[in-house]
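Undergrad: Any chance you could fold what I've pasted below:
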Amino acid sequence: MSGQHEPENLDLDNERSLQTLVRAITLAGGEFSLILLRCNYAVLRQRMVERLHQLSPVNICEITLPASVKTLYTAIKEQLGDEQPPALMVFGLEAVKNIDTVLTTANRVREEFRKQFPFPILLWVNDLTLQKLIRLAADLENWASIIEFATSTPEL
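TA: As a prediction, the model looks like this:
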């Protein structure tokens with residue numbers, strides 16, 4: 001087994017990814033940024049979310065997209081209302097029924113994200129959703145930083 005797949009190294013890699021994420025959130029300081037959090041496993045994602053809340057000096061608001069969502073921008077705007085959180089974590093994109101349309105629309109209105117959301121948006125994605133985002137929302141993806149979280153096969 002190569003070193004990069006050993007559980008101890010993955011734990012260390014995930015901890016480094018969390019530290020990078022905390023720095024990015026902290027440095028954003030009232031400006032829009034898009035951070036894609038790549039993770040394929042719900043259990044690992046939950047562990048990383050809990051750890052992130054422990055590490056981050058910034059309060060991170062959380063929303064979950066309904067599967068029936070039509071547009072990402074509107075869904076975020078409606079769930080936040082007038083609230084302007086220091087950072088926002090978005091779950092559920094992988095479960096959206098009409099994901100192709102949601103991503104294409106998000107790409108078309110990407111400037112609205114920058115204008116209306118003066119805070120980092122942390123968007124959880126799995127590999128399939130990330131591939132679609134790269135293909136269908138390339139301009140939006142170009143704005144994003146990608147932080148990866150991985151787990152070892154035995155841990156699954």
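Undergrad: which other helices and strands contact the host helix or strand of Thr129?
TA: Applying DSSP states H and E as the criterion places Thr129 in helix 127-136. With contacts defined as 3 or more CB pairs under 8 Å, 6 or more residues apart in numbering; DSSP states H and E, the packing partners of helix 127-136 are strand 33-38, helix 99-108, helix 138-143. In short, each C-beta sits where N, CA and C put it, glycine included.
Undergrad: Only alpha carbons, please: show the helix or strand just after the first one as PDB.
TA: Next in sequence after strand 33-38, counting helices and strands by DSSP H and E, comes helix 42-55. As requested, C-alpha coordinates have been extracted for helix 42-55 and formatted as PDB (Å, rounded to 0.1, in the frame of the first residue of the first chain):
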ATOM      1  CA  ALA A  42     -21.300  11.100   4.400                       C
ATOM      2  CA  VAL A  43     -19.600   9.700   7.600                       C
ATOM      3  CA  LEU A  44     -16.300  11.400   6.800                       C
ATOM      4  CA  ARG A  45     -18.100  14.600   5.800                       C
ATOM      5  CA  GLN A  46     -19.900  14.700   9.200                       C
ATOM      6  CA  ARG A  47     -16.600  14.200  11.000                       C
ATOM      7  CA  MET A  48     -15.000  17.000   9.000                       C
ATOM      8  CA  VAL A  49     -17.900  19.400   9.700                       C
ATOM      9  CA  GLU A  50     -17.700  18.700  13.400                       C
ATOM     10  CA  ARG A  51     -14.000  19.300  13.400                       C
ATOM     11  CA  LEU A  52     -14.300  22.400  11.300                       C
ATOM     12  CA  HIS A  53     -16.700  23.900  13.800                       C
ATOM     13  CA  GLN A  54     -14.200  23.200  16.600                       C
ATOM     14  CA  LEU A  55     -11.300  24.800  14.700                       C
END
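Undergrad: next structured bit after helix 42-55?
TA: Scanning forward in sequence from helix 42-55 by DSSP H and E, the next helix or strand is strand 60-64.
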